[in-house]
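S.K.: curious how this folds, go ahead:
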Amino acid sequence: MSHAVTLAVIVRAGERFLMVEEWQQGSVMFNQPAGHLEPGENLLDGAKRELLEETGLTLPLEQAVAVYQYTAPDNGKHFVRFTFCTEVLEPLATNPQDPDGDIIRCHWLTLTEIEALGEQLRSPLILASFRDYLAGERFPVSALKPAP
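M.R.: Purely as a prediction, here's the structure:
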């Protein structure tokens, strides 16, 4: 079984959340701004990098929502996903800088619109993290410590 550490960011503007429309294995899927931790990168820097690459936004990340474990049913790959959050006053213009060319565009959607995407959601962790976020689940990013 292979393993991956992934990072995701919930960006909220009032009742809307930032979602990324992307190509994944020949299909159009939706995800929060998210991606893999790169070698030598700390968790917070990786989350900020993914946010910048996929949306063009540089935003402060002072809180995390949760750490999730997930095994993909199609290939058995095990993921550990760190989900961070931030809020802005209103939906911001986006300009993806995606080096992989997978990002189609960004959308500001309500939770109802996100739930309606159903099978187009890249992972069940998307809705789980929104529900935890809306339930007030948070911990400070200072709890994530690099090795001394």
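S.K.: next one, pLDDT for the nearest residue to residue 106 once chain neighbours are set aside please.
M.R.: When the adjacent residues along the chain are set aside, residue 106 lies closest to residue 94, with 3.9 Å between them (CB to CB, 6 or more residues apart in numbering). (Glycine included, C-beta is placed from N, CA and C.) Residue 94 is assigned a pLDDT of 97 by the prediction.
S.K.: I'd say residue 77 and residue 71 touch.
M.R.: Yes: at 7.1 Å, residue 77 and residue 71 qualify as touching, with contact defined as CB atoms under 8 Å.
S.K.: can you give me the helices for the chain?
M.R.: For the chain, the helices identified by DSSP state H occupy 43-55, 111-115, 125-134, in order along the chain.
S.K.: the longest one: how far from the chain's middle?
M.R.: Once both centres are worked out by CA atoms, centre = their mean, to the nearest Å, helix 43-55 turns out to sit 9 Å from its chain's centre.
S.K.: just stretch 138-145 next, same as before
M.R.: Offset of stretch 138-145 from its chain centre (CA atoms, centre = their mean): 17 Å.
S.K.: returning to that earlier point: tell me how many other residues crowd the residue nearest to residue 106.
M.R.: The number of residues packed near residue 94 is 19, by other CB atoms under 10 Å.
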